[in-house]
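Novice: A structural model of the following input is requested.
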Amino acid sequence: MANNAIFARLSNLWTGFISLWVSDIEKEHPEIAYQNAIASMIQKYTQLKAATGAIIARRQDITARLETAERELASVSADLETALATNQDDLAVVLIQKKNALDTALAELHADATQATADADNAKDSLMQVKTEIDKLKAEKDRMLAQMHSAQARIKIQGQLDGLSVDAEVQALGAVRDHIKSQVAQASLGSELHNSDLDVRLTKLRQSSASVTAKAQLDAMKQARAAAQAAPTKNL
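Specialist: Numbers count the residues shown, from 1 in each chain. Alright, predicted model coming up:
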């Protein structure tokens, strides 16, 4: 008894693991989940269709028996009228008994026919409902899978955009930019160091001194020339 309980629990546990595993697969592949649901609905539809066929066949059988009984009742009623008209009482008694039996049978057949018709109508309605659900499920499958594929495409594009800044090409371009900036900085530093060198400063000073001396000489020459030009005028 205990062993049976243990086996039952192990079986339930294994079934649970299988269910979770299938559930995970269906999450990763929803088309499988939809297809399984559609296949299950189609199987139920097939079974319901067979049951509906049996119900309709029963209704048709009852209808045929009812029609036969009605024809037989009409014939017995006509025979009874003839027996009464010809004073055949013994035959009339038999025909009355038969007519009574047919009346009872017809009442039961009418009730059965009514029920069979209602059962057939309900079965057909159920069948159409299941078919409608199958069609809706197929449409939902196409719509949901299209939405999923669109979402996956958007996620992929977004991921590419998010990771664009760390692409190798962008990294390489960043390195090039840093190298160019470094070269420009080195050039600027060389120029700054050159301008601050003592020899350069001394050379500039000498150039400045020479320019000052030349300007002083120019002024002296202009003064001498002016004095020379002024001397003859005084002698006159």
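Novice: The nearest residue to residue 31 once chain neighbours are set aside and residue 133, how far apart?
Specialist: Excluding the flanking residues, the one nearest residue 31 by Cβ to Cβ, 6 or more residues apart in numbering is residue 145, at 5.8 Å. C-betas here are computed from N, CA, C, even on glycine. Computed as Cβ to Cβ, to the nearest Å, the residue 145 to residue 133 distance reads 18 Å.
Novice: So what's the predicted local confidence for the residue nearest to residue 31?
Specialist: Residue 145 carries a pLDDT value of 88.
Novice: Helix or strand: which one has it?
Specialist: Take DSSP states H and E as the rule and residue 145 turns out to sit in helix 89-162.
Novice: quick one, what contacts the residue nearest the centre of the chain?
Specialist: Centroid-nearest residue in the chain: residue 148, 2.3 Å away (criterion: Cα atoms, centre = their mean). For residue 148, the contact set (Cβ atoms under 8 Å, 6 or more residues apart in numbering) comprises residue 30.
Novice: Next, residue 62: secondary structure please.
Specialist: Following DSSP: H, G, I helix; E, B strand; the rest coil, residue 62 is assigned to helix.
Novice: close enough to count as contact, it and residue 111?
Specialist: No. Between residue 62 and residue 111 there is no contact under Cβ atoms under 8 Å: 9.7 Å.
Novice: between these two, which one's more packed in?
Specialist: Remark: of residue 62 and residue 111, residue 62 carries more neighbours, 20 against 11, as counted by other Cβ atoms under 10 Å.
Novice: Pull up the gap between that one and residue 102, please.
Specialist: 15 Å.
Novice: Equivalent analysis for residue 51, please.
Specialist: Distance of residue 51 to residue 102, given as Cβ to Cβ: 32 Å.
Novice: between those two, who's got more neighbours?
Specialist: Counted by other Cβ under 10 Å, residue 51 and residue 102 do not tie: residue 102 has more neighbours, with 19 against 13.
Novice: Excluding sequence neighbours, find me the nearest residue to the more buried one.
Specialist: residue 73 (4.4 Å).
Novice: what's the helix or strand harbouring residue 82 packed up against?
Specialist: Per DSSP H and E: residue 82 is located in helix 30-85. Applying 3 or more Cβ pairs under 8 Å, 6 or more residues apart in numbering; DSSP states H and E, we find helix 30-85 packed against helix 2-28, helix 89-162.
Novice: coming back round to it: count the neighbours of the residue nearest to residue 102 for me.
Specialist: Residues lying near residue 73 (other Cβ under 10 Å) number 17.
Novice: got it, and residue 77?
Specialist: As a measure of burial, residue 77 has 15 neighbours, counting by other Cβ under 10 Å.
Novice: try the one 5 residues further on
Specialist: Taking other Cβ under 10 Å as the neighbour definition, residue 82 ends up with a count of 13.
Novice: could you measure it against residue 135, distance?
Specialist: Residue 82 is 60 Å from residue 135, by Cβ to Cβ.
Novice: so how far is residue 44 from the nearest residue to residue 34 once chain neighbours are set aside?
Specialist: Of all residues not flanking residue 34 in the chain, residue 141 sits nearest, at 3.9 Å (Cβ to Cβ, 6+ apart). When distance is defined by Cβ to Cβ, residue 141 is 17 Å away from residue 44.
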